[in-house]
Every structure is written in C-alpha cells, then in structure tokens.
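> next input, structure requested:
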Amino acid sequence: MAALSVALFFLGVFLYSVYRTLWYGIGEWGLNKTVDWAWDITNFVWWVGIGHAGTLISAVLLLFRQKWRTSINRAAEAMTIFAVICAAMFPVLHMGRPWLAFWVLPLQNTFGSLWVNFNSPLLWDVFAISTYFSVSLVFWYTGLVPDFATIRDRAKGPIARRAYALLSFGWKGGAKHWSRYETVSLILAGVSTPLVLSVHTIVSMDFATSVVPGWHTTIFPPYFVAGAIFSGFAMVLTLMLITRVVFKLEDYITLEHIALMNKIMMITGSIVGVAYITEFFIAWYSQVEFEQYAFINRATGPYWWAYWSMMTCNVISPQLVWIRRVRYSIPMTFILSIIVNIGMWFERFVIIVTSLHRDYLPSSWAMFSPSIIDIGIYVGTLGLFFTLFLLFAKFFPVINMAEVKSILKYGVDNGPTYGGPNTGAQQSAYRPTGAPASAPVNYNKHD
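Here you go, the predicted structure:
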C-alpha cells in the first residue's frame, strides 16, 4: 500500500503535467527552434526499449526451449505492456493536438483527401508500436488463462469467482485445451520473434534516415535493438528482485535465474559499448567534418557530463558481471540494474539533444534545459508504470503457475524447490502409488 501510494502520487503529477501540456501547449516544455526533440522523444525511446525484454523472454526463449524463462516471463510480459503504454504517451502529446491522433492512420478519404506519408519512418513507428502492443497483449493474456482458472477454482468470494471465471474463458484443463494453448503459444512466439528485431529497428530509423550529423548512420538498427534488450533486462531485474522478496518467491526465482539474466545484460551491454566505439571510428574514417564534430562535441562539449555518465553506466558497470560474486549477489544486481537504466536514458538523451543543439549553422546553436513540466511528465510516467505493475501484482499471478509446474521439483519435507535449494541440481522423480497421472510429481530429496 505504501508503494502504491507513492506510485499514485507520481501518477497525479503526470496527470497535472499532461493537463498543463494540453491546455497551454507544447510551449510548456523546454523545447526551442533548434532542439525540437528532447525529453519527449528521449523518454519515448527509453520506454520502448524497456518493453523489449518481455517479448524476448516470452517468445525467443520459448522457441529455444529455455526452461529458466518460466519464472520471470509473466512479469516481463506485463512490464512490456505497461512500458509501451507509457511510451505511446509521448508521441501523442508531442503532436500538440492529440485529439487529431487518428490522422496517423491510413483512413478512407471521407476524412480528407490525403493519406499519410508512407515514406516517413514516423509512420512506420505507428504500425510497429501498435503491432508490438497488440501481439504482446494477446501473448500475455493467453498465458494467464490457465492461471485464471486455477484462481477461479480457489476463489472464496462470489465476485472474485465470477470475475476470474470470465477472465478464464471457461478453461477446464482438458487435453484439447492444453493442446490448443501450446499451439497458440508457439504461433504467437513465432510472430513475436521478428518484432524483437523490427520494433526498435524502426524506432532507430526515426534518426538513421535523417541527414543530421550523429544520426545519419547505418549502425543504429542493431545497436538500438541490443540497447533495448539491455535496458529491458535491467528493468526486469529491478522489478523481479523486489517481487521475489515481497511475495517470498525465492524458490521460484532463484540465484541461477538472476545470474543468467546478468549474463544477458553483460553481453548486450558489451555490444552497446562496441557500437559506441564504432560510431567514433566511422566518424573519423568518413572524413566528414560535420560528423566528426558531432562526436567530439558529445564527448567534450557542454553536454560532456551526459556522455560520460552514459559510458560509465552502460559500458563499464556491466563488466562487473564477469565477477562471479557480483553475478550472484542480489544487492549488487539490484544496484547494477538501476545504474543500467539510468545509463540507457542518458544514451537516448545524448543521441537526440547533442546531435541537435549544434547543427550546421553556428548562428542557430542553442542549449536545452528541461522545464518543470518536462520533468513532471517523465517522473509521472514512472508513477503510471508502477501503479499498473503494482495492481497487476495484486490481482494477477506474477509467475506463470501453469508453466512452472511442468519444471518444478517437489521436496517431500521442505516444500517446493526449483532443482533443489537454489542450486539448479536435478533430482530423480518419484510418483506415489495410485496417484493420478495429472498429479504433480513429487521428488524424494533422499533419492
């Protein structure tokens, strides 16, 4: 309740900041004629990136039959949906007239004589984000159906029983239901896997298809995808480490899960670091003075503090994961996950603002400073995100019960453990005589 109260307070800040933006216009933000994209698009790209880990954990790891995903995929999928909702706020608000947002859709000519510009990557964003959100929502809900049925069968009150009965779509757990469930999950995983690559690739093309020095580069698509997975896994760790303690899920979200996620974070962080170095090399190799100046200005110009914060958080800090003690340390992992997300926010800020604030004409150079409304909207989206996540954790199961059952090892005396007490060691199976085939397998710890 304390966490929800704080989240609701920041949600109130968000609503007030949005009201000021809609009532008084975009002039409430700190934008100027030179820097016409700043915190709004920075936050948009940051939130879309955070949403990437959910699809990766759900779809790609499912197709590769990685069993360790089952304890974390539910919360990661929910996080994806809430992050995309937060991301979608920023382009709509930046339109200035969000009540005309339907103009971005290719509507019939009764709404006007012109269609949208299909050559614009900003329009590609609309299709990419809406497809990503739709598929992620269906994937998340499909996985919830068996768990809703489990809760329905154990619900005490008539309202709860009725609500979960509606949510479970009459699930009975028969062989036909499970067969269709697994088929749909695989189809959705197959559809979602290209989205992991396509969504942030298209977001990167907002910049890469321009002629602005610092943006006009072909490395952006793979670099943005790696950065999105990097920040997404960091946010999953931030949320799951707290959830693990609050809901006492230590036997389900083990140290082995945390170490595997740390490894992915370290790999994608290293890819991002290589991309940073490659950008500098290509700027030098191209011998284009405008491109060279853009990168020198990032590292030594007035926004040097943002650039070096980005390098420290994204390139140096993930390398600590090479140390086994850090990789298996919950406090260190939690601190690292927060540092990474701070660094990824600075990365988007550096790419957008430092490339715009000094362009081809020195007479138009300008600095950007966020207004209190800029800050309010950003902090407010954090409030919106955590409000949605806390409500999800309250009313929905935060781990996928149906899938975890298939890999769970039951101890006779000390309750369920995932492969033993946080060690990952396999134990031999023992099913009691006369137990039905559908009963969970018990594992004798003395075998």
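> separation between residue 298 and residue 70?
42 Å (CB to CB, to the nearest Å). From N, CA and C alone the C-beta is placed, and that goes for glycine too.
> what values do phi and psi take at residue 377?
When read as degrees, to the nearest 10, the backbone of residue 377 gives phi -70, psi -40.
> sorry, wrong one. I was asking about residue 252.
Dihedral angles (degrees, to the nearest 10) for residue 252: phi -110, psi -40.
> can you count the residues close to it?
21 (other CB atoms under 10 Å).
> retrieve the pLDDT associated with it.
Looking at residue 252, its pLDDT is 78.
> that one against residue 398, yeah?
No - with contact taken as CB atoms under 8 Å, residue 252 and residue 398 are classed as non-touching, separated by 9.6 Å.
> report the helix or strand with the lowest average pLDDT across this structure.
Within the chain, no helix or strand scores below strand 442-443, which has a mean of 38 by mean pLDDT, DSSP states H and E.
> how far is stretch 95-107 from where the chain is centred?
Once both centres are worked out by CA atoms, centre = their mean, to the nearest Å, stretch 95-107 turns out to sit 25 Å from its chain's centre.
> quick one: mean pLDDT over that stretch.
Averaged across stretch 95-107, the pLDDT comes to 81.
> can you give me the end-to-end distance of that stretch?
18 Å (CA to CA, to the nearest Å).
> pull the residues that contact it.
Residues outside stretch 95-107 that contact it (CB atoms under 8 Å, 6 or more residues apart in numbering) are 22, 25-26, 92, 111-112, 115-116, 118, 123, 126.
> could you export those as JSON lines, including neighbour count and pLDDT?
Below are the contacts of stretch 95-107 laid out as JSON lines (neighbours: other CB atoms under 10 Å; pLDDT from 0 to 100):
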{"residue": "22", "neighbour count": "15", "pLDDT": "90"}
{"residue": "25", "neighbour count": "11", "pLDDT": "87"}
{"residue": "26", "neighbour count": "16", "pLDDT": "88"}
{"residue": "92", "neighbour count": "14", "pLDDT": "89"}
{"residue": "111", "neighbour count": "11", "pLDDT": "65"}
{"residue": "112", "neighbour count": "9", "pLDDT": "64"}
{"residue": "115", "neighbour count": "14", "pLDDT": "76"}
{"residue": "116", "neighbour count": "14", "pLDDT": "79"}
{"residue": "118", "neighbour count": "9", "pLDDT": "84"}
{"residue": "123", "neighbour count": "17", "pLDDT": "87"}
{"residue": "126", "neighbour count": "18", "pLDDT": "88"}
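> so which of those are in strands?
Among these, no residue falls in strands (DSSP state E).
> which one of those residues is nearest to residue 63?
residue 126 (27.3 Å; CB to CB).
> how close does the closest one get to residue 147?
Applying CB to CB, the value for residue 126 to residue 147 is 33 Å.
> turn the contacts of stretch 95-107 into CSV, including distance to residue 349.
Listed next are the contacts of stretch 95-107 as CSV, based on distance: CB to CB, whole Å:
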residue, distance to residue 349
22, 24
25, 23
26, 18
92, 21
111, 36
112, 36
115, 34
116, 29
118, 30
123, 25
126, 24
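> phi first, then psi, for residue 32.
According to degrees, to the nearest 10, residue 32 has phi -140, psi -180.
> repeat for residue 281
According to degrees, to the nearest 10, residue 281 has phi -60, psi -50.
> and what of residue 60?
According to degrees, to the nearest 10, residue 60 has phi -70, psi -50.
> just give the nearest non-adjacent residue to it, would you?
residue 193 (5.5 Å; CB to CB, 6 or more residues apart in numbering).
> is it true that that neighbour lies in a helix?
Yes - the assignment for residue 193 by DSSP: H, G, I helix; E, B strand; the rest coil puts it in a helix.
> same question for the helix or strand harbouring residue 42, mean pLDDT?
Using DSSP states H and E, residue 42 maps to helix 39-50. Here helix 39-50 scores 91 as its mean pLDDT.
> put the alpha carbons of it into PDB.
Provided in PDB are the C-alpha atoms of helix 39-50 (Å, rounded to 0.1, in the frame of the first residue of the first chain):
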ATOM      1  CA  TRP A  39      12.900  14.800 -23.300                       C
ATOM      2  CA  ASP A  40       9.700  13.700 -25.000                       C
ATOM      3  CA  ILE A  41      11.400  11.500 -27.700                       C
ATOM      4  CA  THR A  42      14.200  10.500 -25.200                       C
ATOM      5  CA  ASN A  43      11.500   9.100 -22.900                       C
ATOM      6  CA  PHE A  44       9.600   7.500 -25.800                       C
ATOM      7  CA  VAL A  45      12.700   5.500 -27.000                       C
ATOM      8  CA  TRP A  46      13.600   4.700 -23.400                       C
ATOM      9  CA  TRP A  47      10.200   3.200 -22.600                       C
ATOM     10  CA  VAL A  48      10.000   1.300 -25.800                       C
ATOM     11  CA  GLY A  49      13.400  -0.200 -25.000                       C
ATOM     12  CA  ILE A  50      12.300  -1.300 -21.600                       C
END
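> what comes up buried for it?
Across helix 39-50, burial judged by 16 or more other CB atoms under 10 Å covers 39-50.
> quick one: name whatever helix or strand follows it.
Scanning forward in sequence from helix 39-50 by DSSP H and E, the next helix or strand is helix 52-55.
> I'd like to know which elements the helix or strand that that following helix is followed by is packed against.
The helix or strand immediately downstream of helix 52-55 is helix 61-63, counting by DSSP H and E. Packing partners of helix 61-63 (3 or more CB pairs under 8 Å, 6 or more residues apart in numbering; DSSP states H and E): helix 175-208.
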